[in-house]
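K.L.:
Take this sequence and fold it.
(one chain, ligands or ions: 1)
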Amino acid sequence: MHNVLVLNGPNLNLLGTRQPEVYGHTTLKMIEDLCVSHGNSIGLTVSHMQSNHEGALIDAIHAARGVQAGIVLNAGAFTHTSVALMDAISSAEVPVVEVHLSNIHAREAFRHKSYIAPVAIGQICGFGAKGYVLALDALAAHLSDGGSG
Ligand code: DQA
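P.N.:
Sure, this is the predicted structure:
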(Lines give C-alpha, C1' and ligand atoms only; values in the text may rest on other atoms or scores of the structure.)
Protein backbone atom coordinates (compact mmCIF):
# COMPACT_ATOMS: atom_id res chain seq x y z
CA MET A 1 0.00 0.00 0.00
CA HIS A 2 1.26 3.48 -0.87
CA ASN A 3 0.40 6.41 1.39
CA VAL A 4 -1.14 9.33 -0.47
CA LEU A 5 -2.50 12.66 0.65
CA VAL A 6 -5.65 14.31 -0.70
CA LEU A 7 -5.10 17.99 -0.08
CA ASN A 8 -7.82 20.58 -0.57
CA GLY A 9 -7.39 24.32 -0.49
CA PRO A 10 -9.48 27.40 0.20
CA ASN A 11 -13.28 27.38 0.22
CA LEU A 12 -13.48 23.67 -0.54
CA ASN A 13 -14.71 23.09 3.02
CA LEU A 14 -17.93 24.72 1.74
CA LEU A 15 -18.56 22.11 -0.97
CA GLY A 16 -22.16 21.00 -1.07
CA THR A 17 -23.50 24.45 -0.40
CA ARG A 18 -21.00 26.57 -2.36
CA GLN A 19 -22.24 27.44 -5.87
CA PRO A 20 -23.71 23.95 -6.40
CA GLU A 21 -24.41 24.84 -10.04
CA VAL A 22 -20.61 25.00 -10.52
CA TYR A 23 -19.25 22.57 -7.93
CA GLY A 24 -22.12 20.12 -7.40
CA HIS A 25 -23.86 18.95 -4.24
CA THR A 26 -21.20 16.58 -2.95
CA THR A 27 -19.69 17.69 0.36
CA LEU A 28 -15.99 17.64 1.15
CA LYS A 29 -16.62 14.91 3.73
CA MET A 30 -18.26 12.77 1.04
CA ILE A 31 -15.28 13.34 -1.27
CA GLU A 32 -12.80 12.48 1.49
CA ASP A 33 -14.72 9.30 2.38
CA LEU A 34 -14.86 8.37 -1.30
CA CYS A 35 -11.10 8.90 -1.63
CA VAL A 36 -10.37 6.72 1.42
CA SER A 37 -12.58 3.87 0.20
CA HIS A 38 -11.55 4.09 -3.45
CA GLY A 39 -7.89 4.39 -2.42
CA ASN A 40 -8.25 1.25 -0.32
CA SER A 41 -9.62 -0.66 -3.28
CA ILE A 42 -6.61 0.24 -5.48
CA GLY A 43 -3.82 -0.17 -2.93
CA LEU A 44 -3.54 3.40 -1.62
CA THR A 45 -3.80 4.45 2.02
CA VAL A 46 -5.41 7.87 1.77
CA SER A 47 -5.15 10.62 4.34
CA HIS A 48 -6.71 13.99 3.76
CA MET A 49 -6.50 17.58 4.82
CA GLN A 50 -8.18 20.86 3.91
CA SER A 51 -7.02 24.35 4.72
CA ASN A 52 -8.05 27.85 3.75
CA HIS A 53 -4.49 29.05 4.44
CA GLU A 54 -1.72 29.06 1.86
CA GLY A 55 1.02 28.54 4.46
CA ALA A 56 -0.74 25.53 5.96
CA LEU A 57 -0.98 23.97 2.50
CA ILE A 58 2.74 24.63 1.94
CA ASP A 59 3.52 23.05 5.33
CA ALA A 60 1.46 19.98 4.38
CA ILE A 61 3.37 19.62 1.09
CA HIS A 62 6.71 19.92 2.93
CA ALA A 63 5.57 17.34 5.49
CA ALA A 64 4.64 14.94 2.69
CA ARG A 65 8.26 14.63 1.60
CA GLY A 66 9.48 11.11 2.29
CA VAL A 67 6.14 10.22 3.93
CA GLN A 68 3.59 10.30 1.13
CA ALA A 69 4.07 8.53 -2.19
CA GLY A 70 1.91 11.15 -3.87
CA ILE A 71 -0.54 14.00 -3.45
CA VAL A 72 -3.89 14.73 -5.06
CA LEU A 73 -4.16 18.50 -4.86
CA ASN A 74 -7.07 20.82 -5.42
CA ALA A 75 -5.49 24.14 -4.52
CA GLY A 76 -8.71 26.07 -5.22
CA ALA A 77 -8.07 29.70 -6.13
CA PHE A 78 -4.40 29.42 -5.04
CA THR A 79 -3.98 27.39 -8.24
CA HIS A 80 -4.14 30.63 -10.17
CA THR A 81 -1.97 32.78 -7.91
CA SER A 82 0.53 30.83 -5.86
CA VAL A 83 4.15 30.71 -6.93
CA ALA A 84 4.81 29.62 -3.32
CA LEU A 85 2.73 26.46 -3.73
CA MET A 86 4.45 25.75 -7.04
CA ASP A 87 7.85 26.09 -5.36
CA ALA A 88 6.75 23.85 -2.47
CA ILE A 89 5.77 21.10 -4.93
CA SER A 90 9.07 21.45 -6.79
CA SER A 91 10.97 21.15 -3.52
CA ALA A 92 9.00 18.26 -2.03
CA GLU A 93 9.82 15.70 -4.72
CA VAL A 94 6.42 14.07 -4.26
CA PRO A 95 4.34 13.47 -7.41
CA VAL A 96 1.24 15.65 -7.51
CA VAL A 97 -1.95 15.15 -9.50
CA GLU A 98 -3.82 18.44 -9.86
CA VAL A 99 -7.59 18.16 -9.65
CA HIS A 100 -10.47 20.61 -10.06
CA LEU A 101 -14.16 19.89 -9.86
CA SER A 102 -14.97 22.41 -12.56
CA ASN A 103 -13.40 22.71 -16.00
CA ILE A 104 -11.15 25.68 -15.24
CA HIS A 105 -10.35 26.08 -18.95
CA ALA A 106 -14.00 26.70 -19.80
CA ARG A 107 -14.40 29.42 -17.16
CA GLU A 108 -13.08 32.96 -16.65
CA ALA A 109 -9.69 33.67 -18.26
CA PHE A 110 -7.99 34.12 -14.87
CA ARG A 111 -8.77 30.48 -14.08
CA HIS A 112 -7.01 29.21 -17.22
CA LYS A 113 -3.59 29.83 -15.68
CA SER A 114 -2.38 27.16 -13.23
CA TYR A 115 0.84 27.52 -11.30
CA ILE A 116 0.40 23.89 -10.24
CA ALA A 117 0.22 22.36 -13.73
CA PRO A 118 3.92 22.80 -14.67
CA VAL A 119 5.05 20.95 -11.53
CA ALA A 120 2.26 18.32 -11.49
CA ILE A 121 2.41 14.98 -13.27
CA GLY A 122 -0.99 15.81 -14.74
CA GLN A 123 -4.25 17.69 -14.35
CA ILE A 124 -7.83 16.41 -14.14
CA CYS A 125 -10.64 18.92 -14.28
CA GLY A 126 -14.30 19.16 -15.18
CA PHE A 127 -15.53 15.84 -13.81
CA GLY A 128 -16.84 17.00 -10.45
CA ALA A 129 -16.20 14.81 -7.41
CA LYS A 130 -15.40 11.89 -9.73
CA GLY A 131 -12.22 13.77 -10.63
CA TYR A 132 -10.72 12.78 -7.27
CA VAL A 133 -11.28 9.09 -8.08
CA LEU A 134 -9.70 9.61 -11.51
CA ALA A 135 -6.79 11.42 -9.87
CA LEU A 136 -6.22 8.54 -7.44
CA ASP A 137 -6.33 6.07 -10.35
CA ALA A 138 -3.80 8.22 -12.23
CA LEU A 139 -1.54 8.41 -9.19
CA ALA A 140 -1.75 4.65 -8.60
CA ALA A 141 -0.86 4.02 -12.27
CA HIS A 142 2.04 6.45 -12.02
CA LEU A 143 3.33 4.78 -8.85
CA SER A 144 2.99 1.28 -10.27
CA ASP A 145 4.95 2.38 -13.35
CA GLY A 146 7.74 3.29 -10.98
CA GLY A 147 6.88 6.95 -11.18
CA SER A 148 7.93 7.37 -14.79
CA GLY A 149 4.81 8.56 -16.51
C1 DQA B 1 -11.61 24.88 -8.24
C2 DQA B 1 -11.49 25.89 -9.39
C3 DQA B 1 -10.87 27.19 -8.90
O4 DQA B 1 -10.81 28.13 -9.96
C5 DQA B 1 -11.69 27.78 -7.78
O6 DQA B 1 -11.07 28.95 -7.28
C7 DQA B 1 -11.97 26.82 -6.69
C8 DQA B 1 -12.34 25.45 -7.05
C9 DQA B 1 -12.36 23.61 -8.69
O10 DQA B 1 -12.26 22.60 -7.98
O11 DQA B 1 -13.06 23.63 -9.69
O12 DQA B 1 -11.97 27.16 -5.51
O13 DQA B 1 -10.30 24.49 -7.85
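K.L.:
burial of the residue nearest to residue 100 when sequence neighbours are not counted, as a residue count?
P.N.:
Excluding its sequence neighbours, the residue lying closest to residue 100 (CB to CB, 6 or more residues apart in numbering) is residue 125, at 3.8 Å. C-betas here are computed from N, CA, C, even on glycine. The number of residues packed near residue 125 is 23, by other CB atoms under 10 Å.
K.L.:
likewise residue 102?
P.N.:
Neighbour count of residue 102, defined by other CB under 10 Å: 17.
K.L.:
three-state assignment of the closest residue in space to it that isn't next to it in sequence?
P.N.:
Nearest non-adjacent residue to residue 102, counting by CB to CB, 6+ apart: residue 22, 5.4 Å away. Assigned with DSSP: H, G, I helix; E, B strand; the rest coil, residue 22 falls in the helix class.
K.L.:
pLDDT wise, what is residue 22 at?
P.N.:
At residue 22, the model reports a pLDDT of 86.
K.L.:
looking at it, it is touching residue 103, isn't it?
P.N.:
No - using CB atoms under 8 Å, residue 22 is not in contact with residue 103, being 10.0 Å away.
K.L.:
More neighbours: which of the two?
P.N.:
residue 103 (14 against 11).
K.L.:
what's the distance between the more buried one and the ligand?
P.N.:
8 Å (CB to the nearest ligand atom, to the nearest Å).
K.L.:
That residue and residue 125 touch, don't they?
P.N.:
Yes - counting by CB under 8 Å, residue 103 touches residue 125, with 5.3 Å between them.
K.L.:
can you list the residues of this structure near the ligand?
P.N.:
Proximity of the chain to the ligand (CB under 6 Å from any ligand atom) is limited to residues 11, 74, 76-77, 79, 100-102, 104, 111.
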